[in-house]
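Visitor: The amino acid sequence is not available; the structure is as follows:
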């Protein structure tokens, strides 16, 4: 499978200065590096997740790839075309689905909104009419096409944003937090549409920018984790988890375990996280161990020495969220 997106030491710096004198400085020592030497490859036809905390550089990276801002250094190729030298050609290949509240004209209907954006892409007349009708049917908004967007629910606006992003039949679709503010049912429907329709049926390449790690784990073929402007991990979800394989989650249920003994568990070395639930009859522990080969045996011996009866002890696979937290250094 060939790469449809490639970046080479891609970098973007912004000046921290806030006054006009900064425009005339020859040396900007206060520059902030939002994207720092990113090397990334996305394969044709895959659903690729871009993850990171707020301020990690995800949005800046996507804006460079969508030709909205220029890089400071490095290169980015979309379908073999340079995003700076061949920006017009690149724009024909991409669609950006931005679900911000202010991205539509609220007093216009959904159909009128799509007509306006189609004209910006050079789609007019019968060609635009046919394309808009196809997209409204695809996202399930045909019956609501003549309603003003101000009367749309959040889920309907998300669907309309998806239709707008597909106007030029792009090969690559960037989805920026597509399920933000959606209820669970609407979010599930949108995820199914992205996975089954866009990727599987239409063969599109989708870049999913999300804070919902469980969403990325469910949908994506591969993920990249950004931190402080750099890609710190990239690969299939299971490979990302294996970067922290020594760390293991365990779920224990213990009878006859006193609160004082529980305090002793909290003080043991090698326990990174501990969540405890205590009732009159049972204590439940959910632990993240730094290294199970070192920590687990002393933990079990301590519990039994304190009179606890271990009724259940099960290792649990590390979630992408846990792996993400460990990789970015947050405990």
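Guide: Now that the structure is in, tell me what you want to look at. Here the structure is a predicted model, which means the values were calculated and not measured.
Visitor: Was I right to think residue 252 contacts residue 310?
Guide: Yes: using Cβ atoms under 8 Å, residue 252 makes contact with residue 310 at a distance of 6.4 Å. No exception for glycine: its C-beta is placed from N, CA and C like everyone else's.
Visitor: Stretch 134-145: how far from the chain's middle?
Guide: Its chain's C-alpha centre lies 26 Å from the corresponding centre of stretch 134-145 when counted by Cα atoms, centre = their mean, to the nearest Å.
Visitor: Mind listing what's buried along that stretch?
Guide: The neighbour-count check on stretch 134-145 (16 or more other Cβ atoms under 10 Å) flags 135-136, 138-139, 141, 144-145 as buried.
Visitor: now stretch 175-193
Guide: 175-179, 182, 186-187, 189-191, 193.
Visitor: ok so, going back, and which of the buried residues of stretch 134-145 is nearest to residue 224?
Guide: Nearest to residue 224, judged by Cβ to Cβ, of these is residue 139 at 27.5 Å.
Visitor: I figured the closest one was touching residue 194, is that so?
Guide: No: here residue 139 does not reach residue 194: they are 11.2 Å apart, not a contact under Cβ under 8 Å.
Visitor: any idea of the pLDDT on the closest residue to residue 65 other than its chain neighbours?
Guide: Of all residues not flanking residue 65 in the chain, residue 76 sits nearest, at 5.8 Å (Cβ to Cβ, 6 or more residues apart in numbering). Residue 76 carries a pLDDT score of 97 in this model.
Visitor: helices or strands next to the one helix or strand residue 76 maps to in the packing?
Guide: Assigned by DSSP states H and E, residue 76 falls within strand 73-78. Under the contact criterion of 3 or more Cβ pairs under 8 Å, 6 or more residues apart in numbering; DSSP states H and E, strand 73-78 touches strand 3-15, helix 58-65.
Visitor: closest to residue 281 out of those?
Guide: Residue 281 lies closest to helix 58-65 among the helices and strands packed on strand 73-78, at 46.6 Å (Cβ to Cβ).
Visitor: what's the closest one packed up against?
Guide: Applying 3+ Cβ pairs under 8 Å, 6+ apart, one finds that helix 58-65 contacts strand 3-15, strand 31-43, strand 47-52, strand 73-78, strand 172-176, strand 205-209.
Visitor: any chance of those in a markdown table, with distance to residue 215 too?
Guide: Putting the helices and strands packed on helix 58-65 into a markdown table (distance: least, Cβ to Cβ, whole Å) gives the following:
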| stretch | distance to residue 215 |
| --- | --- |
| strand 3-15 | 21 |
| strand 31-43 | 18 |
| strand 47-52 | 8 |
| strand 73-78 | 24 |
| strand 172-176 | 10 |
| strand 205-209 | 8 |
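Visitor: Mind checking the ones you listed for the one nearest to residue 269?
Guide: strand 47-52 (30.4 Å).
Visitor: Output the contacting helices and strands for the closest one.
Guide: By 3+ Cβ pairs under 8 Å, 6+ apart, strand 47-52 packs against helix 58-65, strand 205-209, helix 213-219, strand 222-227.
Visitor: Strand partners (parallel or antiparallel) of that strand?
Guide: Strand 47-52 has the following strand partners under DSSP bridges: strand 205-209 (parallel), strand 222-227 (parallel).
Visitor: which residues of the protein fall in strands?
Guide: Secondary structure of the chain by DSSP state E: the strands cover 3-15, 31-43, 47-52, 73-78, 81-82, 94-98, 172-176, 205-209, 222-227, 230-235, 248-255, 271-278, 282-289, 309-316.
Visitor: From start to finish, how long is stretch 253-273 in a straight line?
Guide: The first residue of stretch 253-273 is 16 Å away from its last residue (Cα to Cα, to the nearest Å).
Visitor: Name the residues of that stretch that are buried.
Guide: By neighbour count on 16+ other Cβ under 10 Å, the buried set for stretch 253-273 is 253-254, 257, 261-262, 265, 270-272.
Visitor: Can you tell me how far the nearest residue to residue 170 once chain neighbours are set aside is from residue 198?
Guide: Spatial nearest neighbour of residue 170, chain neighbours left out: residue 95 (3.5 Å); criterion: Cβ to Cβ, 6+ apart. In this view, residue 95 and residue 198 are 10 Å apart by Cβ to Cβ, to the nearest Å.
Visitor: shared neighbours of these two, anything?
Guide: residue 173 (Cβ atoms under 8 Å, 6 or more residues apart in numbering).
Visitor: could you redo the strands of the chain as a markdown table and give each row distance to residue 165?
Guide: What follows is those, written out as a markdown table (distance: least, Cβ to Cβ, whole Å):
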| stretch | distance to residue 165 |
| --- | --- |
| strand 3-15 | 16 |
| strand 31-43 | 17 |
| strand 47-52 | 15 |
| strand 73-78 | 15 |
| strand 81-82 | 19 |
| strand 94-98 | 4 |
| strand 172-176 | 6 |
| strand 205-209 | 10 |
| strand 222-227 | 21 |
| strand 230-235 | 24 |
| strand 248-255 | 38 |
| strand 271-278 | 39 |
| strand 282-289 | 39 |
| strand 309-316 | 37 |
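Visitor: if we can go back for a sec, common neighbours of residue 252 and residue 310, please.
Guide: Taking Cβ under 8 Å, 6+ apart as the contact rule, residue 252 and residue 310 both touch residue 303.
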